[in-house]
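> Fold the following.
(one chain, ligands or ions: 2)
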Amino acid sequence: MPNIAAPSQLTRVICICHLHRGSVASVDSANTTTAITSLNRKGGVGKTHFCWLMASACHAAGLRILIVDLDPQANLTGSFLAEDDVTRSVEQLFDPSTEPDVESLIVSTEFEGVDLLPSSSRLEPLNISDNWHDSDLHLSLAEALHQVSNRYDYILFDCPPSLSLVSYAALCASQHVVIPLEAARWGALGTQHIAAAIELVQQHYNPRLRLMGYLVSRYKTRRSYQQTYLAELRKHFGDLAFETVIPDLAEYEKAVTDRNLLSNHSPSSRANKIANELLAEVQARAQKLA
Ligand SMILES: Nc1ncnc2c1ncn2[C@@H]1O[C@H](COP(=O)(O)OP(=O)(O)OP(=O)(O)O)[C@@H](O)[C@H]1O
Ligand SMILES: [Mg+2]
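Ligands and ions are numbered 1, 2, ... in the order given. Take a look at the predicted model:
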């Protein structure tokens, strides 16, 4: 965990936010947009999948969603666009030498209501975990997305598997954090670092940030050890554990590979039903925390 910024630096940061937006960093100061960061330091636990499921369920429900890919691996981007189609990407919002032109970076996908702010390997230099607060770059997303947030019901930030500058930028621009994890012996390991990051951002940059919950993903129903760990995680996290559990299903992989959304690919499938249940629980949790 890096040291937090010195008090003088924090004051400056907060003043900048007041000047530009009239409130501390967050994309939702005056509208009903729900901005959620999907974050875990572990790789392959379903962070990207959560954003993709939300996109699918929002599309089916007629809601408007912006998915922001903050991972230089660009997996979420690849679920919607071919690599050659990505000419400009999200790293441009972090360029202190230019005014961010978020409008020109947002891509409308072929799915009604689903927009994407794409990523590419060009984001890699910003995926730094040390001294991320030495500049104000972690406020770039809140600043830029504020301009467009009232167009969306949801804004989802897909983070890399690290607590890096881009992950902190997502936390500064969100009201909620979802931590996807697996029901495994190591499932909860490292989540205390995410909780500490949330607290730091709450205290210094974005007081409205809240942990929405822990979402068990890639759950293999028939594996008894997963059943045991699911029960343990529920006991450990209590109400913060999502009721919805995302099972490991081939249908998800198939739809992602086809660059399709579940609501189009297999609308009557169990996989699609679970995506819709997830959206309903996210909506209920957001309302409860509001
Ligand atoms: N519930 C699921 N059923 C089947 N496959 C899944 C499921 N969830 C995720 N996957 C697949 O598992 C892989 C890892 O999932 P995902 O990319 O969401 O993890 P991640 O936490 O974002 O990983 P990274 O840290 O590398 O960004 C992907 O190929 C994804 O399509
Ligand atoms: Mg990912």
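
> Excluding chain neighbours, what is closest to the residue of the stretch 51-200 of the chain found nearest ligand 1?
Residue nearest to ligand 1 within the stretch 51-200 of the chain (C-beta to the nearest ligand atom): residue 161, separated by 3.5 Å. For the C-beta atoms, the positions are set from N, CA and C on the backbone; glycine is no exception. Closest residue to residue 161 apart from its sequence neighbours, by C-beta to C-beta, 6 or more residues apart in numbering: residue 43 at 3.9 Å.

> May I ask which helix or strand encompasses that neighbour?
For residue 43, there is no host helix or strand (DSSP states H and E).

> Check what pLDDT it gets.
What the model reports for residue 43 is a pLDDT of 94.

> Repeat that for residue 257.
91.

> start the count at 24, not 1, going forward
Sure, I'll start counting at 24 from here, so that last one is residue 280.

> burial of it, as a residue count?
9 (other C-beta atoms under 10 Å).

> repeat for residue 201
Neighbours of residue 201 (other C-beta under 10 Å): 25.

> Does it have any beta-bridge partners, and if so which?
Beta-bridge pairing for residue 201 (DSSP bridges): residue 61, residue 236.

> give the contact list for the closest residue to ligand 2 within the stretch 124-273 of the chain.
Per C-beta to the ion, residue 181 is where the stretch 124-273 of the chain lies closest to ligand 2, at 5.9 Å. Neighbouring residues of residue 181 by C-beta atoms under 8 Å, 6 or more residues apart in numbering: 61, 70, 71, 73, 74, 90, 91, 92, 93, 94, 98, 99.

> in the stretch 24-173 of the chain, which spans are strands?
Remark: strands assigned in the stretch 24-173 of the chain by DSSP state E, counting those that start in this stretch are 57-61, 88-92, 130-131, 137-140.

> can I get these in a markdown table with distance to residue 191 and mean pLDDT?
Conversion of the strands of the stretch 24-173 of the chain to a markdown table gives the following (distance: least, C-beta to C-beta, whole Å; pLDDT from 0 to 100):
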| stretch | distance to residue 191 | mean pLDDT |
| --- | --- | --- |
| strand 57-61 | 10 | 98 |
| strand 88-92 | 14 | 98 |
| strand 130-131 | 24 | 95 |
| strand 137-140 | 17 | 97 |
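
> before we move on, the earlier item: the residue of the stretch 74-223 of the chain closest to ligand 1: how many residues sit nearby?
18.

> cool, and the one 5 residues further on?
Residue 189 is surrounded by 31 other residues when neighbours are defined as other C-beta under 10 Å.

> Can you tell me the closest non-neighbouring residue to it?
Using C-beta to C-beta, 6+ apart, the nearest residue to residue 189 is residue 93, at 4.4 Å.
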